[in-house]
Structures are given as structure tokens and as C-alpha cells.
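In: Here's a sequence, model it:
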Amino acid sequence: MPPPLRRVLDRTALLLGFPVLAMSAFVAVVSLPTHAAVVVCTASVVAHLALALRLTRPRVAFVAVALCMAVLAITSGLFIVVPSVLTFPVALHAVVARGGRLDGMAAAGVGILGAAFGTWRFVTDASVKAAGLEPHAGFVLVALLAVVAAAWALGQRTRGDIARARAEEQRSEERVAAAARDERTRIAAEMHDVVAHSLAVIVSQARGAQFADRSDPQVSVDILATIERTGREALSEMRGILGLLRGGGQGGGLAPVPTLGDLPELVARFPGARLTVVGTPRPLSPARELAVYRAAQESLTNVLKHAGDGVAVDVTLTWTSGRLVLEVTDDGAGTTIDDGSAGLGLSGMRYRLEALGGTATAGPSRTGFAVTVSLPTEEDDR
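Out: Modelled structure (predicted):
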């Protein structure tokens with residue numbers, strides 16, 4: 001579907017063209033015979049209308065204006081004093097600036113030929129001599145060629161400005177796209193953390209309920225309560241993540257971002273896990289606190305999935321000058337559970353921490369398995 005006419009036409013060229021067209025009509029009526037004046041006025045009107053296409057159809061505008069100038073020159077040698085002749089350098093500038101390179105070269109050639117033909121027509125026409133003018137051919141040619149050269153040079157400069165503006169716009173779009181990709185990656189990591197952690201806790205608790213003492217139903221009740229609480233928390237976080245994907249549309253509000261203050265509650269969900277804090281806690285950015293929380297969550301989830309229920313886990317936060325170290329170690333006891341997702345969460349955790357200038361290592365230890373995370377505090381980044 002073609003664009004609306006008002007978007008195709010250059011209204012500025014039309015508005016500025018009215019006074020020029022009026023002066024051209026006056027000059028033609030005063031200086032030329034009636035039939036010649038009608039031709040000059042008609043060609044001038046067409047040239048100004050064509051010039052209104054210079055921004056969107058520069059090639060069409062230039063060809064139309066050039067033909068109108070040829071009509072003016074053929075009609076009378078006095079065409080050079082008709083103000084509407086200024087439409088030619090404007091059209092030349094537009095096609096050089098907004099057309100292809102071949103268009104610009106062709107337009108320059110037409111301009112040179114037009115200058116030569118216009119000079120000959122002006123200095124040899126009887127109506128020019130009848131008006132008492134004795135123009136010098138060399139001076140007229142140089143003047144017309146100078147106008148053509150100036151229009152071409154300005155068109156080249158504008159062409160460069162347009163190219164730079166388009167390149168900057170493209171770079172800006174690429175930055176926006178890259179930011180969107182990063183955000184999608186972050187949301188995917190959040191989704192993985194929430195789902196993997198919550199399902200691991202639920203599966204572990206459900207498996208424990210199967211072996212609960214039938215004579216003590218309270219055990220099963222407590223386990224079901226834990227499963228319910230974990231499910232509710234997972235749903236709350238999932239609503240927050242989906243809220244980000246919807247751009248804050250209708251539905252549940254965004255869930256609060258976990259912080260290190262939520263770490264004790266996280267550790268408390270895992271039987272046999274113990275949290276130890278060494279050193280004096282220091283302020284961290286929300287991104288760093290979330291990264292450490294997710295690292296602890298992923299590590300504890302892996303303990304449940306791959307080491308089983310009856311395992312002891314030590315979670316240690318060590319605060320040093322300018323650095324925070326998280327260690328999650330287990331004693332290797334329990335039954336190994338393989339769900340085919342080993343290593344995926346650890347890779348995402350490592351990527352998240354490396355983006356913040358930290359490191360993450362995971363592997364066998366003397367007692368079982370250990371995950372170590374080291375992250376600089378904000379003071380190191382300043």
C-alpha cells in the first residue's frame with residue numbers, strides 16, 4: 001500500500017515555492033510574448049510541484065525539473081532570469097544526497113550539459129539582445145557551472161550526513177536488540193532457577209513423605225505444608241517473571257527480587273543444611289545479591305537432585321575486604337538422582353557471575369561435592 005500523499009510531498013518546498021512561482025509568472029508576463037509566457041508559467045508550476053517529491057522520489061523530481069528547465073530554455077533565452085530556474089540546483093542537490101551514486105553522477109553530467117546549453121541559449125537569443133543585455137559567454141558559463149558544482153558538493157555533504165545518521169540509528173537499534181537479548185537470557189536464567197529449585201524441593205519432600213512413619217501422620221502433614229509453601233513461592237516468582245515478559249501488563253504484580261537477607265530462609269528449606277556467616281557483611285548491589293542467592297539456590301538444588309535427602313550441607317558466606325566468597329559443600333552421603341540436567345544450572349550460574357566480574361567453580365571435594373563462588377563487592381568496581 002503506497003504511503004499517503006502528505007508523507008510523499010515536501011510541504012516546505014511547496015510553501016516556499018509559491019512566492020518564487022509568483023515572481024516567475026510576473027517576470028514571464030512582463031518580459032515575454034503571451035504564448036511564451038504561458039509556456040514558462042506552466043513549466044514553472046510543474047517544476048515546483050515536482051520539487052515537492054525531492055525527499056521521497058529524488059530521481060523523479062530531478063528528471064521532471066530538468067525537463068521543465070529544458071522547456072524554459074527552448075522557449076526563451078531569458079529563462080535564466082526566471083526565478084523558478086532555482087528549482088534545478090535544489091533538485092540536483094536532492095538527487096545527489098538521497099539518490100544512488102550513479103544518479104548523482106548522471107545528475108552532475110546533466111547539470112554540466114545544461115549549463116553549456118543554457119549559456120549558448122542566453123547569449124545568442126534575440127530576446128536577450130532586445131532587452132538590452134549583452135552577456136559575456138565565459139562569465140555566464142562559469143556562473144552556471146559554479147551553481148551546479150555548489151549544489152553537487154552540498155548534496156555529497158548531505159549524503160554523508162544521512163549515511164552517518166542511518167549508521168548511528170542502526171547502531172542504536174543493535175544496542176536495543178542486544179539489551180533485549182540479554183534481558184531474555186536473564187529472564188530464562190531466572191525461570192530455570194525458580195523451576196529447577198522448586199521442583200527439586202517438591203520431589204524431595206514428596207519422596208520423603210512416601211517413607212514417613214505411618215503411625216505419625218503429622219510428618220506427612222508437615223511435608224505437605226512444605227510442598228504447599230514451596231509451590232506458592234514458586235508461583236509468586238513465576239508471576240513476577242511473566243510480568244516482566246508482559247511488560248508490566250495485567251495480572252499478578254512483580255515478585256520481590258531475592259536478596260542475601262532471604263538466604264537463611266532458603267537454607268532452612270533443606271534438611272541437613274546449615275548456614276555460617278564469617279566476617280562483617282557489606283552492602284552489595286541488587287544484581288550481586290541476586291547472583292549470590294541464585295548460586296546458593298542452584299547449589300542446594302543440585303544437592304537434592306544428585307546427592308539425595310540424607311546429606312549434610314554446609315553453606316558458608318565469607319566476607320573479606322572487597323570480596324564475598326560463597327561455599328556450598330556436602331558430605332556425599334545419600335542416593336544419587338540423575339534427571340539429565342546435570343551441569344546446565346551450574347553453567348548458567350557461572351555465566352551470571354562472570355558477567356559481574358566473579359568466578360564459580362564446582363567439583364569433587366574431600367568430603368563430597370563443593371561449589372565455590374567468589375564475587376567482588378561494589379567497592380572494587382569504582
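In: quick one: stretch 283-302 to chain centroid distance?
Out: Centre-to-centre, stretch 283-302 and its host chain are 29 Å apart (Cα atoms, centre = their mean, to the nearest Å).
In: How about stretch 158-172?
Out: Distance, centroid of stretch 158-172 to centroid of chain: 15 Å (Cα atoms, centre = their mean).
In: Keeping just the C-alphas, turn it into CSV.
Out: What follows is stretch 158-172, C-alpha atoms only, in CSV (Å, rounded to 0.1, in the frame of the first residue of the first chain):
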residue,chain,number,x,y,z
THR,A,158,24.3,15.9,3.0
ARG,A,159,24.6,12.3,1.6
GLY,A,160,27.4,11.8,4.2
ASP,A,161,25.4,13.2,7.0
ILE,A,162,22.4,11.0,6.1
ALA,A,163,24.7,7.9,6.0
ARG,A,164,26.2,8.7,9.4
ALA,A,165,22.7,9.3,10.8
ARG,A,166,21.5,6.0,9.4
ALA,A,167,24.6,4.2,10.8
GLU,A,168,24.0,5.7,14.2
GLU,A,169,20.4,4.7,14.1
GLN,A,170,21.4,1.2,13.1
ARG,A,171,23.9,1.0,16.0
SER,A,172,21.2,2.3,18.4
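In: Report the rounded mean pLDDT for it.
Out: Stretch 158-172 shows a mean pLDDT of 89.
In: what does it rub up against?
Out: Defining contact as Cβ atoms under 8 Å, 6 or more residues apart in numbering, one finds that stretch 158-172 is touched by 93, 96, 97, 98, 104. C-beta: built from backbone N, CA, C; applies to glycine.
In: From the structure, what's the count of residues near the second one?
Out: Using other Cβ atoms under 10 Å, the number of residues around residue 96 comes to 27.
In: Next: the third one.
Out: Other residues within reach of residue 97, judged by other Cβ under 10 Å, total 23.
In: Okay, helices next: where are they in this structure?
Out: Remark: helices assigned in the chain by DSSP state H are 5-8, 11-31, 34-51, 58-75, 87-98, 101-124, 126-130, 137-210, 217-245, 263-268, 286-307, 344-355.
In: Nearest to residue 368, out of those?
Out: Evaluated over the helices of the chain, closeness to residue 368 peaks at helix 286-307, with 7.0 Å, by Cβ to Cβ.
In: Show the low-confidence segments of the stretch 151-300 of the chain, by residue range.
Out: Applying pLDDT under 70 to the stretch 151-300 of the chain flags residues 179-180, 183-184, 186-224, 226, 228, 230-257.
In: What distance do you get for residue 377 to residue 167?
Out: 39 Å (Cβ to Cβ, to the nearest Å).
In: Comparing the two, which residue is more hemmed in?
Out: Just comparing residue 377 and residue 167: by other Cβ under 10 Å the higher neighbour count belongs to residue 377, 17 against 10.
In: Contact partners for residue 130?
Out: Going by Cβ under 8 Å, 6+ apart, the list of residues near residue 130 is empty.
In: swap in residue 136?
Out: So residue 136 contacts residue 123 (Cβ under 8 Å, 6+ apart).
In: Distance check, it against residue 29.
Out: Taken as Cβ to Cβ, the span from residue 136 to residue 29 is 28 Å.
In: And residue 368, by the same measure?
Out: Taking Cβ to Cβ, one finds residue 368 at 103 Å from residue 29.
In: In terms of neighbours, single out the busier of the two.
Out: residue 368 (17 against 13).
In: Skip the chain neighbours and tell me the closest residue to residue 359.
Out: residue 374 (5.0 Å; Cβ to Cβ, 6 or more residues apart in numbering).
In: was I right about the one you found contacting residue 354?
Out: No. The pair residue 374 / residue 354 is not scored as a contact, 10.9 Å apart, by Cβ atoms under 8 Å.
In: Check the contact lists of the two and give me the overlap.
Out: residue 360.
In: Looking at the two, which is more packed in?
Out: Taking other Cβ under 10 Å, residue 374 and residue 354 do not tie; residue 374 has more neighbours (17 against 11).
In: Dig out what the more buried one forms beta bridges with.
Out: Residue 374 forms beta bridges with residue 325, residue 359, as assigned by DSSP bridges.
In: residues in contact with residue 119?
Out: With Cβ under 8 Å, 6+ apart, residue 119 has these contacts: 137, 140, 141, 144.
In: Take those residues and, keeping just the buried ones, write it as a PyMOL select command.
Out: Remark: buried members of the contacts of residue 119, expressed as a PyMOL selection using 16 or more other Cβ atoms under 10 Å:
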select buried, resi 140+141+144
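In: now, among the contacts of residue 119, which is nearest to residue 303?
Out: residue 144 (86.3 Å).
In: Could you find the closest non-adjacent residue to the closest one?
Out: That would be residue 115: by Cβ to Cβ, 6+ apart, it lies 3.7 Å from residue 144.
In: same thing with residue 270?
Out: residue 300 (5.3 Å).
In: Would you mind measuring from that neighbour to residue 286?
Out: 21 Å.
In: who has more neighbours, these two?
Out: Neighbour totals were compared for residue 300 and residue 286, and residue 300 leads with 23 against 10 (other Cβ under 10 Å).
In: That one against residue 271, yeah?
Out: No. Judged on Cβ under 8 Å, residue 300 makes no contact with residue 271 at a distance of 11.0 Å.
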